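J.: prediction below, plus the sequence it came from.
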Amino acid sequence: MSISTLAKSIPESSTLKMNELAKLLRDKGEKVIHLGSGEPKAKVPMDAILNASALLNSAEIRYTDVSGTPAMKQAIIRYMEENYNKIVMPENIIVSNGAKQSLSVTLQTIIDPQDEVIFIAPYWVSYPHMVKICNGVPVPVLSEDGRFHPRMEDIKAKVSSYTKAIIINSPSNPTGQMYSRDFIKEIVEFAEKKGFYLIMDDIYHRLIFDDLRPISAYDFVSKNIDESKLIVINGISKMYAMTGFRIGWTVASKKVVDNMKNIQGHTTHGPSSLLQAAAIGALDGVQSSVEALRLDLENKRNIMYMELQSFEGVKAIKSQGTFYTFVDFRAYNKDSVKLALELLEKAKVVTVPGVDFGLEGHLRLSFCGSIKDIREGIARIKWVLDPNSPNEIFIGERKLVRDW
């Protein structure tokens, strides 16, 4: 059977692989703790449920325009004004089946074969593969000073005559680091000067901690939206805990959006009218759920960081946003895949290998789950790795003794 070279070049998602292995263990009755999840446990906002229910009760669930319903675009226009201080028009918006599709269609629209796309490492696992699917060349940039905050000199060193776009995800998945206002200003001005597309992946932009405030790249652009190459991507999955609703959007120039519509129209067409109705409810409804989720995550971030601080040999930089921390375990194992599998086998704890995010020897840990799971999960990891930890531990009803 013949399979395309492209398909064979795209590896299986390590996140999905770890989830499958965890499911097998759970099916056997093992007490698995999931510290790899990218899914908030908060309830979906009631305004979203009521809006979707009203449309469902009408029994009029139909096709929508390829770029989204007028009501959905109006909700995004209001969101952009309130959260970005930016007035946009309906023709500058395209709604997709999740922010992942928004980014994918964006790249398909602007990238030609051999074009290079720069992004900051550690990076979200899908960035390089999305670029490859467009026959482009992914160019990760890792700060030379060992921090997770990018430096302009490191980015400039990677620029070539083939550079077409830069992706910025702040706060970042997997590190949880938020990039400074000075950096955002500098990268916007640099992209404008060079004529690069600048794609702001803002999916976590309201889930930030320590009294930080979201930064709008629009504060620094010198051109109007239809002349600018600034592209902003967002969605409802993270801040409203609506991961299963799969609604995201892109805000860009009319020219970019028109061409995105052509591509999306020949793949998935418009997003579900029912799910857009739910998204409208979330965007237009009471916003207290976002703040409640943010506060809950900040508290859990503090607990996870505190637990990691007591772990000899482990290095963790305090997350400033998202619901992840990217932890350096190189003192114990420089192979993150082997380490993640060891922790799943011995401790029944799910983590995500750092190699898929572009940095070996690290694991991405999520603090989406319960406080109990966070504390017990870190204790189990410590039991496996740290010889100074107690030699015995209970996992469920079973008492285990470290014999390695």
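T.: Yep, that arrived.

J.: find the least confident helix or strand in the protein, judged by mean pLDDT.
T.: Lowest by mean pLDDT, DSSP states H and E among the helices and strands of the chain is helix 14-27, with a mean of 83.

J.: for that one, packing partners?
T.: The helices and strands touching helix 14-27, judged by 3 or more CB pairs under 8 Å, 6 or more residues apart in numbering; DSSP states H and E, are helix 336-347, strand 349-350, strand 352-353. For the C-beta atoms, the positions are set from N, CA and C on the backbone; glycine is no exception.

J.: out of those, the one nearest Val105 is which?
T.: Distance to Val105, taken as CB to CB, is lowest for strand 352-353 among the helices and strands packed on helix 14-27, at 25.6 Å.

J.: before we move on, the earlier item: can you name the next helix or strand after the least confident helix or strand of the chain?
T.: Per DSSP states H and E, the first helix or strand lying C-terminal to helix 14-27 is strand 33-34.

J.: please state the offset of the helix or strand just after that following strand from the chain centre?
T.: As assigned by DSSP H and E, the chain's next helix or strand after strand 33-34 is helix 46-58. Distance of helix 46-58 from the chain centroid (CA atoms, centre = their mean, to the nearest Å) equals 27 Å.

J.: what's the distance between the helix or strand just after helix 46-58 and the middle of its chain?
T.: Using DSSP H and E, the helix or strand that follows helix 46-58 in sequence is helix 70-84. Taking CA atoms, centre = their mean, the mean C-alpha location of helix 70-84 is offset from the chain mean by 21 Å.

J.: again with stretch 376-384
T.: Distance of stretch 376-384 from the chain centroid (CA atoms, centre = their mean) equals 26 Å.

J.: show me the contacts for Val188.
T.: 198, 217, 220-221, 230 (CB atoms under 8 Å, 6 or more residues apart in numbering).

J.: check for me that it belongs to a strand.
T.: No. Assignment of Val188 by DSSP: H, G, I helix; E, B strand; the rest coil gives helix, placing it outside any strand.

J.: let me see the confidence value for it.
T.: For Val188, the model assigns a pLDDT of 98.

J.: ok, now how distant is it from Ser180?
T.: 13 Å (CB to CB, to the nearest Å).

J.: likewise for Ser172?
T.: Remark: distance between Ser172 and Ser180 (CB to CB) = 13 Å.

J.: who has more neighbours, these two?
T.: Between Ser172 and Ser180, Ser172 has the larger neighbour count (other CB atoms under 10 Å), namely 28 against 14.
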